[in-house]
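K.L.:
predicted structure and sequence below. I'll ask about it afterward.
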Amino acid sequence: MFEGFANVWTIVGLARELKADAPLPLTVAGEKIVLFRGLDGAPAALIDQCLHRGVALSLGCVEQGDIRCPFHGWRFGADGSLRHIPWNPEAKRDTIRATRLPVREIDGVIWLRTAPGETADEPPPIESLTCGLRLCAQSFVWRVHWTRVMENMLDSPHVAFVHRRTFGGAMARALDENSLARMDVSFEPHEYGGKIAASVVGRRRPAALDYVFPNLMELSLDFRGRVFRIFAICIPVGERETRLLLLTARGFLRAGLFDALFLWSNRRIAEEDRAIVESSTPPFSPLGGEEASMPTDAATLAFRRLYRQRLFGSSA
């Protein structure tokens, strides 16, 4: 279960997208999951399969905090227990239980843990999400392994080439003016991942990058007292399919009508990356020395080490 992506927490969406009266299906690392809200309003997550005849529970409905199977009406609670079997009032239900996954709603986002059962482990703290910022979200499907997408989000040298016409113009001009210009990239480990710093010709980039293991990048672009964050969450769907979830958090232009502006900008930038990253061969990040690397690859090489040490080959 959750091959290669087991026993970790990942953000899967905004809390406001999970309605009280409707199930929400998603796929993470090959496992089909259904999210819904229990009677107390808290989110719940089950493997999206009825234990009766194997159909998707997400095609059913939410009734009084339970999810009802669309096929024969079996009803499962937020804890996975079988609450009701139509036409069989004397049936023994105690031995039949859906697989429950830990899920948390924190600061406006939904976290899912890729392993069944309870856990003392909690999601990593994302301090900037506690600031009451305006959140908006969008998802893109990339036809490549999630490790390639994650590396792209942590990579600085590509900005001058791939994003020359959007936010990489200044970096591109520095290289145009001096083809021998130097970039320095560092990765400073911390408890939850690492901080990435990049400087061009000795000038540190105004943007700050933070990597949170296993699959989250936070880009900080604060200016003139205005708080602005972009979170990229690289969620594996299959071996060659990744859902790139982009969250934008801002402390200005907080009205919902401005969301479209930020969504348009993110979409444009993501599309600049997508076709290039999807062309990667192999479609996953090699763990050995198959690819040539340079000092400016410090962040992506650090990610590869963490992935190899803590996640590669994992299973729940």
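P.N.:
Received it, and whenever you're ready, just let me know what you need. Numbering: from 1, shown residues only.

K.L.:
Three-state assignment for the residue of the chain most remote from its centre, please.
P.N.:
Going by CA atoms, centre = their mean, the residue of the chain most distant from its centre is residue 90, 43.5 Å out. Following DSSP: H, G, I helix; E, B strand; the rest coil, we place residue 90 in the coil state.

K.L.:
wait, what's in contact with it?
P.N.:
If you count contacts by CB atoms under 8 Å, 6 or more residues apart in numbering, residue 90 has none. Any C-beta I mention is one placed from the backbone N, CA and C, and that applies to glycine too.

K.L.:
how about the one 10 residues further on?
P.N.:
With contacts taken as CB under 8 Å, 6+ apart, residue 100 has the following neighbours: 44-46, 78-80, 116-117.

K.L.:
go with 7 Å
P.N.:
If you count contacts by CB atoms under 7 Å, 6 or more residues apart in numbering, residue 100 has them with 45-46, 79-80, 116.

K.L.:
also residue 73?
P.N.:
Neighbour list for residue 73: residue 86 [criterion: CB under 7 Å, 6+ apart].

K.L.:
hmm, which helix or strand of this structure has the shakiest average pLDDT?
P.N.:
Ranked by mean pLDDT, DSSP states H and E, the weakest helix or strand in the chain is strand 203-204, scoring a mean of 77.

K.L.:
what does that strand rub up against?
P.N.:
Contacts to strand 203-204, defined as CB under 7 Å, 6+ apart, come from residues residue 197.

K.L.:
paired strands for the following helix or strand past it, with orientation please.
P.N.:
Proceeding N to C from strand 203-204, the next assigned helix or strand is strand 208-212, under DSSP states H and E. Paired strands of strand 208-212, with direction, are strand 193-200 (antiparallel), strand 216-220 (antiparallel) (DSSP bridges).

K.L.:
chain center to strand 208-212: distance?
P.N.:
Distance of strand 208-212 from its chain centroid, counting by CA atoms, centre = their mean, to the nearest Å, is 14 Å.

K.L.:
ramachandran angles for the residue positioned nearest the centre of the chain?
P.N.:
In the chain, the centroid-proximal residue (CA atoms, centre = their mean) is residue 233; its distance is 2.8 Å. Torsion angles at residue 233 (phi, psi; degrees, to the nearest 10) stand at phi -110, psi 120.

K.L.:
might you report the residue contacts of it?
P.N.:
Contact analysis of residue 233 by CB under 7 Å, 6+ apart lists 10-11, 215-216, 245.

K.L.:
same thing with residue 247?
P.N.:
Contact analysis of residue 247 by CB under 7 Å, 6+ apart lists 135, 137, 231.

K.L.:
which residues touch the helix or strand where the first one lies?
P.N.:
So that's residue 135. For residue 135, the host element (DSSP H and E) is strand 134-142. Contact with strand 134-142 is made by 13-14, 108, 149, 241-250, 254, 259, 262-263, 266-267, 270, 274, 277-278, as judged by CB under 7 Å, 6+ apart.

K.L.:
from the chain's centroid, how far away is it?
P.N.:
The answer for strand 134-142 is 10 Å, by CA atoms, centre = their mean.

K.L.:
show me the contacts for residue 254.
P.N.:
Residues in contact with residue 254 (CB under 7 Å, 6+ apart) are residue 134.

K.L.:
state the phi and psi torsions of it.
P.N.:
Note on residue 254: its backbone torsions stand at phi -80, psi -10 [degrees, to the nearest 10].

K.L.:
picking up where we left off before, from the contacts of strand 134-142, list the buried ones, please.
P.N.:
Those of the contacts of strand 134-142 that meet the buried threshold are 13-14, 108, 149, 241-250, 259, 262, 266, 270, 274, 277, by 16 or more other CB atoms under 10 Å.

K.L.:
narrow those residues to those in helices?
P.N.:
149, 259, 262, 266, 270, 274, 277 (DSSP state H).

K.L.:
what is the nearest of the residues you listed to residue 209?
P.N.:
residue 149 (15.1 Å; CB to CB).

K.L.:
isn't the closest one right next to residue 242, touching?
P.N.:
Yes - using CB atoms under 7 Å, residue 149 makes contact with residue 242 at a distance of 4.7 Å.

K.L.:
overlap in contacts, the two.
P.N.:
142, 234.

K.L.:
nearest to residue 191 among the ones in helices among the buried ones among the contacts of strand 134-142?
P.N.:
residue 149 (23.7 Å).

K.L.:
dump the residue contacts of the closest one.
P.N.:
By CB under 7 Å, 6+ apart, the residues touching residue 149 are 142, 234, 242, 244, 277.

K.L.:
and the residues you listed, which two are furthest apart?
P.N.:
Longest span within the contacts of residue 149, CB to CB: 234 and 277, 10.6 Å.

K.L.:
mind listing the helices for the stretch 1-150 of the chain?
P.N.:
For the stretch 1-150 of the chain, applying DSSP state H, counting those that start in this stretch gives helices covering 146-154.
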